[in-house]
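turn this into a structure:
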Amino acid sequence: MTQDEMKKAVGWAALEYVMPGTLVGVGTGSTASHFIYALGSIKHQIEGAVSSSDASTAKLKSLGIPVFDSNEVDSLDIYVDGADEINSYMQMIKGGGAALTREKVIAAIARKFICIVDANKQVDVLGKFPLPVEVIPMARSYVARELVKLGGLPEYRQNVVTDNGNVILDVHNLIITDAVALENQVNDIAGVVTVGLFANRCADVALVGTQDGVKVIV
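Have a look, this model is predicted:
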């Protein structure tokens, strides 16, 4: 199986968790795109979706799936999204696609978070993938200096503006042994909108695409 075939396999496997008549939280990125196309096959069975990015919203609407604003929703049954890294505690680094803040909001609303990844995203320790931090533009330099104090090497993601009008710092050189503590520390820096660590709210189920098929971790 190629990496894309693994992504497709987990995207379609996530359909098992979609109950008829519900609203579905939908993520962003290449693996989430496979889930969106899978969702299109049962669009008449669901009420609609809440999307984490303008790109995902456009894909959902092109398939005729109604998209709801998160402010119209009290809770979601499930949220399905990929990750850039996931460890054995189901803690993740997300934000490679710059949609981390909206993804974090949807994860907070959802009763169950289904993480769909290919096996390459599984790690023992988070941090090899640079940790994305969404920052309001005026705070970029200040936040970067504070991240250096935490042992990171922040790099400004050039020519990227988030759907919220902010910028991204990608933090290299981190070995994240206490993801909850680091998530709280970074979120406490003035000017940080959110950090792409999903540790306080981790995944409930991971669907992992492997050469032998889809592995389910609960």
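
mind listing what's buried in the top strand by length along the chain?
As far as residue count goes, and with DSSP state E defining each element, the longest strand of the chain is strand 110-118. By neighbour count with 16 or more other CB atoms under 10 Å, strand 110-118 contains the buried residues 110, 113-118. Backbone N, C-alpha and C define where each C-beta goes, glycine included.

can you list the strands that the next helix or strand after it pairs with?
Next helix or strand after strand 110-118 toward the C-terminus (DSSP states H and E): strand 131-135. Each strand that pairs with strand 131-135, with its direction, by DSSP bridges: strand 167-172 (antiparallel), strand 192-195 (antiparallel).

how is the protein divided into domains?
By the assignment in automatic domain parsing, the chain contains the domains 3-123+200-217, 131-195.

tell me which of those sits most buried.
Using mean count of other CB atoms under 10 Å, the stretch among those with the largest mean neighbour count is domain 3-123+200-217, at a mean of 19.

wait, what's in contact with the spatially most central residue of the chain?
By CA atoms, centre = their mean, the mean C-alpha position of the chain lies nearest to residue 94, the distance being 4.6 Å. Contacts for residue 94 (CB atoms under 8 Å, 6 or more residues apart in numbering) come out as 81-84, 100, 103, 132, 196, 198.

quick revisit: from the contact counts, what lies against the longest strand of the chain?
In terms of contacts (3 or more CB pairs under 8 Å, 6 or more residues apart in numbering; DSSP states H and E), strand 110-118 is packed against helix 3-13, helix 30-40, strand 76-81, strand 205-210.
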